[in-house]
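Student: Model the structure of this input:
(chains A and B)
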There are 2 protein chains.
Amino acid sequence: MPTFIEKLVKAATDEAPFFPDEPEGPTVVTAVPGPKSKDAVRRLDKVYDASAAVISVDYHKSYGNYIVDVDGNVMLDVYAQIASIPVGYNNPTLLKAATSPIMASALINRPAMGNFPQNDWASILETGLLKVAPKGMDQVYMALSGADANELAYKAAFIWKRQQERGQRDAEFTQEELESTMLNHQPGSPNLSIMSFKAAFHGRLFGSLSTTHSKPIHKLDIPAFDWPQCPFPAIRYPLEDHIEENKREEQNCLEEAEQIIKNYPSRVAAVIVEPIQSEGGDNHASPAFFQGLREITRRLKVLLIVDEVQTGVGATGRFWAHERWELSDPPDMVTFSKKAQTGGFYFGNPDIRPNKPYRLFNTWMGDPARAILFGAIIDEIERLDLVNNTAAVGDYLYNEIEKLANKYPGKFSNLRGKGEGTFIAFDNPRRDEFLALAKTHGINIGGCGASSVRLRPMLIFQKHHADILLGVLDKIAKEL
Amino acid sequence: MPTFIEKLVKAATDEAPFFPDEPEGPTVVTAVPGPKSKDAVRRLDKVYDASAAVISVDYHKSYGNYIVDVDGNVMLDVYAQIASIPVGYNNPTLLKAATSPIMASALINRPAMGNFPQNDWASILETGLLKVAPKGMDQVYMALSGADANELAYKAAFIWKRQQERGQRDAEFTQEELESTMLNHQPGSPNLSIMSFKAAFHGRLFGSLSTTHSKPIHKLDIPAFDWPQCPFPAIRYPLEDHIEENKREEQNCLEEAEQIIKNYPSRVAAVIVEPIQSEGGDNHASPAFFQGLREITRRLKVLLIVDEVQTGVGATGRFWAHERWELSDPPDMVTFSKKAQTGGFYFGNPDIRPNKPYRLFNTWMGDPARAILFGAIIDEIERLDLVNNTAAVGDYLYNEIEKLANKYPGKFSNLRGKGEGTFIAFDNPRRDEFLALAKTHGINIGGCGASSVRLRPMLIFQKHHADILLGVLDKIAKEL
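Tutor: I've put the predicted structure just below:
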């Protein structure tokens, strides 16, 4: 008699797998976390904060879409290290890059890239991450994480704004500016701000955290800048039943954005927005909303920063999620990290670059090792045509979950992500139990917002993986 | 007829070199930067801000203490990527670590370490960077850079401070706190601050930049928190001629620190201080000053964060520069990066760790690849006894420069760093010409503050390297 998982695996289609030696399906042999995970986490917690640890993982044994914990549980991973693993565990193409002489040198001879760049740095960028630069962008500043990338973009925006206010790019600083900034006071340290959206997540350093409004636990007890936040459209689902209502909601948010930019006491230098608010609950808006935001920011002379840290690098069925908006006038900066394994922001307008050296500067100015890896990831995405794969598998997955939503009313509500690749989410009133139950069935899955289940599979997630996931979703709907 | 450099090399003693196949000395074949460097920098600058680039470097050819640029110039590097290369270019021990299977896995399977830690993470920390933890410290939070490390320490300090103010570690948040923090307002986002010192450098993100007061160009046009800064002792040299005066100066600064902590409008959660203010001009203070700071912070219940980003990992002839203070009561946190190739902060008091999960959290929570490398660096430091090497070579170098200072009055003034390993600096009124001239003689050397030359050789810098450097310093003094 085949087990539940065996039946699911059998039901999966026989499409050609990208990685034929992947496990056939999940295998759960203990509770999750199992005893060995618990021991390992307890030991780790003595020296390193492991209070949020779920399982202890054997990454040497993990492969493709499957994560293997120290108890031997093999789980289909549709959370993928908080949406940051692009092309599978132990991907052979990445292994090759990781063991190349150029990688070894990047690891052991890490340059202060702003002062002493390595001679192949331009090539690494040009043949790697600049190949996939968003439309209208041909330059990059490198950072080490998503928060770091956003803060670098904010600094560029503030410097740009003051250059605009001074009226000429090369205006000299006044004595008052030079002296006041050393005291953290105006005018040298100006009263400028970044406008963000309610429920946004842009990172957890001090500037980025001031633009993050996902959950109180991310922010409590940390001083913040008094920067403005605008309501993000509260879209109702199913979309086809709320067309006019959603349109009005988006229009109201745009009007409020315009009022804030015009009237907020600290002058707004830039607006930052996620194509899909991810940590905040997978909140979507229409292309028309973002087109409106581009129009307003351009007209009011503030920069538009698109935060593609979680949405970027293929997951939405486009390389960059904001391609969906079909802007004729591109954003001013696009930030990236997570699946890129490094961080930074793209831009095109030369005025975004500060007028003097050492203004957007730090010791390392990126990490060449991680930038080389991003280049290899891009190669792998192209080799396997993974952006199209994600679009196709995402469509299939969305349609099948829609059937489950009809079959089990209230269990998969506010289903969203249609046409957005595998970047799919739904709400469940018993979300945390849902996530725990999924693990007992061998699916590692994450939540976001207050009651959302978010799907964040890797780009190598195929229809046969989707079938396994769908079988477990069906089972959970029955059990919960 | 031997050349100038050949004479210097010959004069160097025949002590056993750590790396016998290092170049014998510098070779300069073009102007610095040469034509190929200029071309490469121009090309790079089209896609990446290279406005502060000095030379384009061939890191595959660089070895040990010698950096090789694309024009074939071989320079003795006593700047070492802004003090961040510890054990030499293409160090064979590091190469072994960089090409190990554990490194490959760390590169291609980067975990979200807070949720899904790799099963050997505790071992990597325990057998690596925790082995060299400062006295009194047995835990670590990992970060990606020095600025990131400091900001993580600030967040820990703010969370700690509010826990202290609430009176019990596990006090629940009030509704008002939960709601106000989502708006960046008090009491949820409290009016707390970090006290730093004038001329300090702690990084360039928004929180760390608010504690950085090195140069206006680091800060201009970037909004900052209104956090307090205290004067750092302005010590006069030679020390033996200013004993009473320096003592009074340090006492005055301590008194001002106490007044700020007691009276500043935003409550001070922590004080951050560098053992030697590095970017700000290599400003030193006596152990008594730091002992006094420890006493004040302990008595007034604020945390003491020691920023060892530039001073740490052996350069001062101690593994951590603050060991020199011989505190019986250790600092609360010690931050590190640069030579560690990763970043983070050490601590011992369990109350520094937040009371709930997800408070000091982010996607990666460090980079295992760089943490593994730090472990290999520690091995190499132990194998070659490099901390003692740096102490001995530093003493030799200091004494020889002191002779130059006497020989050439005004050319090596305010010589400082006695007993601080190779962490040596002096002032020269034509500092920028000094640095440029050094390059033409094959020495890559950096400045700090307004008119200081700072020596930041690697830990593998030996007496024969010092002799080459000293010969060039003598020559420059004659020429300038």
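
Student: Residue of the stretch 351-480 of chain A closest to chain B, please.
Tutor: Nearest residue of the stretch 351-480 of chain A to chain B: residue A:357, at 3.8 Å (CB to the nearest CB). For glycine as for every other residue, the C-beta is placed from the backbone atoms N, C-alpha and C.

Student: After the helix or strand encompassing residue A:415, which helix or strand is next? Please name it.
Tutor: According to DSSP states H and E, residue A:415 maps onto strand A:413-416. Counting by DSSP H and E, the next helix or strand C-terminal to strand A:413-416 is strand A:424-427.

Student: neighbouring strands for that next one, and are they parallel or not?
Tutor: strand A:413-416 (antiparallel), strand A:452-455 (antiparallel) (DSSP bridges).

Student: quick one: the strands in chain A?
Tutor: Secondary structure of chain A (DSSP state E): strands at A:66-68, A:74-77, A:139-143, A:192-197, A:229-230, A:267-273, A:303-307, A:333-336, A:343-347, A:413-416, A:424-427, A:443-444, A:446-448, A:452-455.

Student: Would you single out the least confident of those?
Tutor: The stretch with the lowest mean pLDDT among these is strand A:446-448, at a mean of 94.

Student: roughly how far is that one from the heart of the chain?
Tutor: Chain-centre distance of strand A:446-448: 13 Å, with CA atoms, centre = their mean, to the nearest Å.

Student: same deal with stretch A:26-34?
Tutor: That offset, for stretch A:26-34, works out to 28 Å (CA atoms, centre = their mean).

Student: Any part of it near chain B?
Tutor: No: contact of stretch A:26-34 with chain B (CB under 8 Å from any CB of the partner chain) is absent, the minimum separation being 10.7 Å.

Student: Buried residues, that stretch. List them.
Tutor: Going by neighbour count (16 or more other CB atoms under 10 Å in any protein chain shown), the buried part of stretch A:26-34 is A:26, A:28, A:30, A:32-34.

Student: Same check on stretch A:435-451?
Tutor: A:435, A:437-439, A:441-449, A:451.

Student: Contact residues of the stretch 301-450 of chain A facing chain B?
Tutor: A:337-338, A:341, A:353-354, A:356-364, A:367, A:369, A:373.

Student: Whichever of those residues end up buried, select them in PyMOL.
Tutor: Here is the PyMOL selection string for the buried members of those, based on 16+ other CB under 10 Å:
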select buried, chain A and resi 337+338+341+353+354+358+359+360+361+362+363+364+367+369+373
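
Student: So which of the residues of the stretch 301-450 of chain A next to chain B belong to helices?
Tutor: A:369, A:373 (DSSP state H).

Student: Let me have the buried residues of stretch A:26-34 in JSON lines, adding pLDDT as columns.
Tutor: Shown next, in JSON lines, are these (pLDDT from 0 to 100):
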{"residue": "A:26", "pLDDT": "98"}
{"residue": "A:28", "pLDDT": "98"}
{"residue": "A:30", "pLDDT": "98"}
{"residue": "A:32", "pLDDT": "96"}
{"residue": "A:33", "pLDDT": "97"}
{"residue": "A:34", "pLDDT": "98"}
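
Student: now those as TSV including distance to residue B:428?
Tutor: TSV is the format used below for the buried residues of stretch A:26-34 (distance: CB to CB, whole Å):
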residue	distance to residue B:428
A:26	67
A:28	69
A:30	67
A:32	64
A:33	61
A:34	64
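
Student: so which pair among those is furthest apart in space?
Tutor: Within the buried residues of stretch A:26-34, two members stand farthest from each other by CB to CB: A:26 and A:33, at 15.3 Å.

Student: For the stretch 101-250 of chain A, which segments count as helices?
Tutor: Assigned helices in the stretch 101-250 of chain A, in chain order: A:101-108, A:121-126, A:146-166, A:175-181, A:206-209, A:243-263 (criterion: DSSP state H, counting those that start in this stretch).

Student: quick one, which of those helices is packed in tightest?
Tutor: helix A:206-209 (a mean of 26; mean count of other CB atoms under 10 Å in any protein chain shown).
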